[in-house]
Every structure is written in structure tokens, then in C-alpha cells.
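[1] my questions concern the predicted model and sequence given below.
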Amino acid sequence: MLLPRIKGPRDLDRLSQEELDQLAAEIRSFLVDAVSKTGGHLGPNLGVVELTIALHRVFDSPKDKVLFDTGHQAYVHKLLTGRQDFGGLRTKGGLSGYPSRAESEHDVIENSHASTVLGWADGIAKANEVLGKEDHHVAAVIGDGALTGGMAWEALNNIAAAKDRPLVIVVNDNERSYGPTIGGLANHLATLRTTDGYERFLARGKDLLERTPVVGKPLYETLHGAKKGLKDFIAPQGMFEDLGLKYIGPIDGHDIEALESALQRAKRFSGPVIVHCLTQKGRGYEPAVQDEADRFHAVGVIHPDTGLPVSTDAASWTSVFADEMVKLGRERKDIVAITAAMLQPVGLKKFADAYPDRIFDVGIAEQHGATSAAGLATGGAHPVFAVYATFLNRAFDQVLMDVALHKCGVTFVLDRAGVTGTDGASHNGMWDMSILQVVPGLRLAAPRDAEQLRAQLNEAVLVKDAPTVVRFSKGVVGPAVPAVGKIGGMDVLRAPGAEVTRPDVLLVSVGALAPMCLDIADLLDRQGISTTVVDPRWVKPVDEALAPLADRHRVVVTVEDNSRAGGVGSAVAQALRDAGVDVPLRDFGIPQRFLDHATRKEVMAEIGLTAPDIARQVTGLVAKLDGRYDSEPAAAVD
């Protein structure tokens, strides 16, 4: 076995070509075995085995910076940089599913949001130039899917302007992000894949012409200097070279020797170079290769031999949304859907199958997606833009200035809202209810169960003069939480007995935390603390009935799976101040810090967002109001 002997990138230098091929096979076997036990990003990593080996053979990490866009293809990089214990992958205390600075000096970017790597590379290359680090190199790996993001092209515009600043851009072209890559760039790369390259044409022609007496050499020189029209006819790579970027490729991304040769040439060049590598997502694992949906982009725990899931989950929030979208599409011809290269993960595949002319995949370009949605609304359609909550952050200006300012009826559906857990800091959807609070006119719904998700989605698409947002959690949708009454637009989930004239606590429950809030009320009741639990349903704007209701209670408590900074609790506090209601308010939510990867349950426990933790603190607050705080301790809450 070769893999256990690889403790760092320089251990690769001693291996022969035959041994490198053996190592690649061992890595694929390791990945299938390890990831099938824990879940994780399998397909992308199987596709970059040879490419990652070649990168670490050619570049001297960590002195040279090897950067990965998104980072879901960095498992091979981890293995080659001394991290081969995958037993705790994506679990608390185990390896992160993305590059992590805390794990290794070889890791640089850990935000795992796409299309950012070229900006990082541009900045690091500039720093090398300013500080005179002539022997330091930068290699940035970006997928063809990530090249659909606007940030990548903003960076390319800057990179190309410095023709003598070394920087190697490796395009990992597997024709996919989650699903197949779409758009004009995808078409261009497809042409490059299927065209016999200009440089190869010249190499063959040179051999022939130099053997031709008298006219051969001059004719070759003329051909080599021919106008771009001929070059584009042979290999239409001019899009990159027009920007001022030297282009090498396409290269077989599974041929280590060819990859090393191309990367060495790029490394020696004194300016920016694109190395175009053709790879196969899921390579070497037949179940992944046969999976047309996403080539096992991300999997749960699976049987390694078959690729089938070990267990089947109950209905998820995403699946409930998916089914309701098909129903809405059937009822209303103006409903269209938008995805940012995540058709299946956000639940729009069924809609796309049913209404193929009403689905728009904008690529990894959330900003463009939001503005395009504004245009669709202006044109008379009602777009539903489904996106992970953490990725909406990227389109905030467009939501504010293009959609809201123009009073466009666009519905944003935010999947993976709140604590998502195993994907780590950058994937928790914990900012949406804070950043969206400042958007004038925007209405934000947080459904507590499947029935409410269906109802509130239907309510959202009726709004024609403002953006609406419906956000829900990751994973299995919980049991139905029935209302026992209604106050204004709010559902009452629990009310104290009629004999209680002024209840102690008004508990404002946000979204999927409703079952936990009912548990909190039960724990408080055991301490003799009366509680009213309400679900606002629409958390922005704050319901007008909330302030008068709060005034009839001694304490107001808000519970949300969003950052406490500027979230629903802050909005409720402001509404109470504006209404002149002076009651103590305590807000519970996610602290203002980045959360390490772990299960959702473990993260919630770590940040104190559990029923016993909250009930304990509320008990202490009520005891303080009763004047018992200093004289006797608050009763324990189990």
C-alpha cells in the first residue's frame, strides 16, 4: 500500500509513474470506503484524484498556494497533506468536509462558496509581487460550473490585466456543478473539448513543413503568426486569449504525466495561464458514473458496493416544497422557477420535468438570478427563486435594489435555513432573517410544519408588489403542530387556562422550532410559570397584534434559528418599543460567531438552543421579577 506512506506532498516526488497510477487507484478505493460510512462529497473527489496528485507534484505547498474553489473536491488534497483519518469526516471533532485552516497549513480557503477562488488567487499573487516573493507560486482550481459565477469573471478581468504576474488557473472541466453546467461558457468549453487543439495542429504541421524544402520553414512561421481567425477556426480558445490569458489544453485530467507536463509549462510562464483539464465526476465508481442526476455529488451513508442509501428518510422540507411547486405550476401559468445550478438539491427537479419551459437555471450566479427574477416579474410572471439560505447572502444588493425598490413580486424560497450542521460554518443558514430585516416592504415567512409550508408558499406567490421569502430547515420535516387559536395573523400554539388573568411568559416561536418551544412551555409549567406560545407565521413585518398581546404578559421570549444580531428578536423588541410596551424581552438564537461542523443536535446543544437551556434561563428571569432571585435559587429544570 502506497497511501499510508504519503505523509506530505513531497513524499510524492519519490514515486514512479507506475506507482502514481497505483496511488490514484488506492485513493479512489479509500474514498468510496470512507465516504460511504460517513456521507460527504464523493463524486467531485473521485474526479480530481490524478489532478490533485499532479498539482502537489508540481507545486510546493504550503510555500506555493494551491487553492480550491468551493472546496468540496479537497478530500484528495487532505489525503496527500497528511490527513488520512476519515473516520470522523464531517462530525464533531473530525475532519471538515471542506478545506480548514485549523486542520492544516496547506489549506487556504474554507468558505466553500463557489466562484471566489480567482479573487483569492489574484490577491495572493499581488501580495507575492509586492513582497518580492518571486519563488512563490499560486495555483487556483476552479470547476467549469463555478466559472458561471460573476465573481470569477470579475477576477479574470483583473488577472488578465497583469500580463507579467504569474498565476496558474486550472479549469477542472467535468461539465457539471451539481448537475450539468449550462450557458454560453458551457457551450464554449464543450467546443474546446471536441476540437483538435491549435497547438497540436501546429506541432503536427511543423514536422511536416520543416521536411519540405525551401518553402517549408517560412510557411510554418507564417502559419504560426496567422491571424486569430484561423486559430479560432481550429480551436476556438480565443475567449481566454482575448482576455490576455495564455491557454494550455485541453488536457486529459486523468493522465498524471500529461497533467504534470502542462502544469510545469504553466508554472514556468511569467504571466497568467489557464490549464484546461477534462475530468470525469465520479470516475472509477460505477454507481456514481451511472447517476445522471449529480454523479453522487454529495451522498449520505451508502452501501459501498451498490451506492444505495443505507436508510430512507421520511419526507423532507425540500420534498414538501417540490410537490407544492408542481401543484402551483398546474394552477397558475405565470409561475416560473429559478435555480442557481442546484435544480435537484433545492427541490425544483419535479417542476422542471413537468414544466420544462418555465424553469431557468442561471448557473452559480445568485446575483444575476435575483435581478433576472425582477425582470421576469416586471414582464408579468411570478418567479420563485429557490436557493440555500446561506447563498442568498450573495445576492443581498439585488434583493434590495432590484427586487424590493421596484416592488417586484418575486418569491425567494430559502432551503437549509438555520443550523445545518455537518457542512460547517459557511453553510449554516443563520443570517437571512437578519439581513432581510432591513429590506423595505419584504415579507418573510417561517413555516413550522409541512402544512404551513404549503399554506405560506401559496400566500407568498399571491403577493405582486413586494418580495416574499419562505424559509425552512434542512432534513426531515417534523410532525404537524396544530394551532389552538388565532390572534391577528398569528397562530396560538398553547394558551394558559382561563383562570390566569396575566400569564407570565409570551413565547414567540419561529418556524421549525415550534415543537421545542412547546417543550419549553411544558418545562415552565412544571415550575408554575404560565406561558402563551404563538407562531407569528410571517415574522416580517411584525404582526400588529403582537404588541398588545405582549402587554398582557410579564415577559416576552423569542426563539429563532437565526443569528440573534438583528434577527426576529430584535425586530420584536423594536416593535414593542415603538408601541410603548415596556416588558422585559429575552431573545434566544444563534450567537454571532461561526459554528464548527457537527450534527445539528450537537450544534444546538453547544450554543444553548435547547428546551432545557432556554427554560432554565426563563425560570431565572421570572424568579428575578418575583423578587426571588437573590433570596432563593431558581428551581432546576430537567
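    Happy to help now that I have it. As the structure is a prediction and not an experimental result, all values here were calculated from the model. Numbers count the residues shown, from 1 in each chain.
[2] and residue 599, how many neighbours?
    14 (other Cβ atoms under 10 Å). From N, CA and C alone the C-beta is placed, and that goes for glycine too.
[3] wait, isn't it in contact with residue 92?
    Yes - using Cβ atoms under 8 Å, residue 599 is in contact with residue 92, at 7.1 Å.
[4] if I look at residue 282, how far off is residue 329?
    Residue 282 is 31 Å from residue 329, where distance means Cβ to Cβ, to the nearest Å.
[5] run through who's touching the longest helix seen in the chain.
    If you go by DSSP state H, the chain has its longest helix at helix 17-38. If you take Cβ atoms under 8 Å, 6 or more residues apart in numbering as the criterion, helix 17-38 is touched by 1-3, 6, 12, 15, 41-42, 45-46, 49-50, 53, 75-76, 79, 84, 86-91, 256-257, 283-285, 299, 301-304.
[6] inside helices: which ones of these?
    Using DSSP H, the contacts of helix 17-38 in helices are 45, 46, 49, 50, 53, 75, 76, 79, 256, 257.
[7] quick check: the third one vs residue 620, distance?
    Just to be clear, that refers to residue 49. Between residue 49 and residue 620 the distance is 55 Å, computed by Cβ to Cβ.
[8] again with the last one
    Here the criterion is Cβ to Cβ. By it, residue 257 lies 68 Å from residue 620.
[9] show me where the stretch 101-250 of the chain has strands.
    138-143, 167-173, 246-252 (DSSP state E, counting those that start in this stretch).
[10] show me what the shortest one is in contact with.
    The contact list for strand 138-143 (Cβ under 8 Å, 6+ apart) reads 44, 48, 51, 55, 58-59, 64-70, 73, 114-115, 117-118, 120-121, 124-125, 128, 152, 166-174, 176-177, 263, 267.
[11] average pLDDT across that strand?
    Strand 138-143 shows a mean pLDDT of 94.
[12] and if you look at stretch 523-532?
    Stretch 523-532 comes out at a mean pLDDT of 96.
[13] how about stretch 500-519?
    Stretch 500-519 shows a mean pLDDT of 95.
[14] now stretch 18-30
    Stretch 18-30 comes out at a mean pLDDT of 95.
[15] before we move on, back to that, more neighbours, residue 257 and residue 620?
    It is residue 620, of residue 257 and residue 620, that has more neighbours when counted by other Cβ under 10 Å, with 17 against 13.
[16] is that one in a helix, a strand, or coil?
    Counting by DSSP: H, G, I helix; E, B strand; the rest coil, the backbone at residue 620 sits in helix.
[17] pLDDT score for it?
    93.
[18] what of residue 553?
    Predicted confidence (pLDDT) for residue 553: 96.
[19] contacting residues for the closest residue in space to it that isn't next to it in sequence?
    Nearest non-adjacent residue to residue 553, counting by Cβ to Cβ, 6 or more residues apart in numbering: residue 506, 4.0 Å away. By Cβ under 8 Å, 6+ apart, the contact list for residue 506 reads 531, 532, 534, 549, 550, 552, 553, 555, 556, 557.
[20] please type out the PyMOL selection for whichever of the residues you listed turn out to be buried.
    With 16 or more other Cβ atoms under 10 Å as the criterion, this PyMOL line picks the buried residues out of the contacts of residue 506:
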select buried, resi 531+532+534+549+550+553+555+556+557
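[21] the contacts of residue 506 in strands, which ones?
    Among the contacts of residue 506, the members falling in strands (DSSP state E) are 531, 532, 534, 555, 556, 557.
[22] farthest pair within those residues?
    Distances among those were taken as Cβ to Cβ; the most separated pair is 534 and 555, at 13.8 Å.
[23] next one: residue 241 relative to residue 168, how far apart?
    Per Cβ to Cβ, residue 241 is found 16 Å from residue 168.
[24] swap in residue 519?
    The gap separating residue 519 from residue 168 is 54 Å, by Cβ to Cβ.
[25] residue boundaries of the strands in the stretch 301-450 of the chain?
    Using DSSP E, counting those that start in this stretch, strands in the stretch 301-450 of the chain cover 335-339, 359-361, 382-388, 411-415, 443-445.
[26] mind putting those strands into JSON lines with distance to residue 100, mean neighbour count and mean pLDDT?
    Below are these laid out as JSON lines (distance: least, Cβ to Cβ, whole Å; neighbours: other Cβ atoms under 10 Å; pLDDT from 0 to 100):
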{"stretch": "strand 335-339", "distance to residue 100": "28", "mean neighbour count": "24", "mean pLDDT": "97"}
{"stretch": "strand 359-361", "distance to residue 100": "30", "mean neighbour count": "20", "mean pLDDT": "96"}
{"stretch": "strand 382-388", "distance to residue 100": "20", "mean neighbour count": "26", "mean pLDDT": "97"}
{"stretch": "strand 411-415", "distance to residue 100": "24", "mean neighbour count": "27", "mean pLDDT": "97"}
{"stretch": "strand 443-445", "distance to residue 100": "32", "mean neighbour count": "23", "mean pLDDT": "98"}
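[27] so which of the ones you listed is nearest residue 314?
    strand 411-415 (16.8 Å).
[28] in the chain, where is pLDDT below threshold?
    For the chain, residues meeting the criterion pLDDT under 70 lie at 176-239, 312-313, 628-638.
[29] 50 - rerun?
    Scanning the chain with the threshold set as pLDDT under 50 gives 177-178, 182, 193-194, 198-199, 201-202, 219-234, 236, 630-638.
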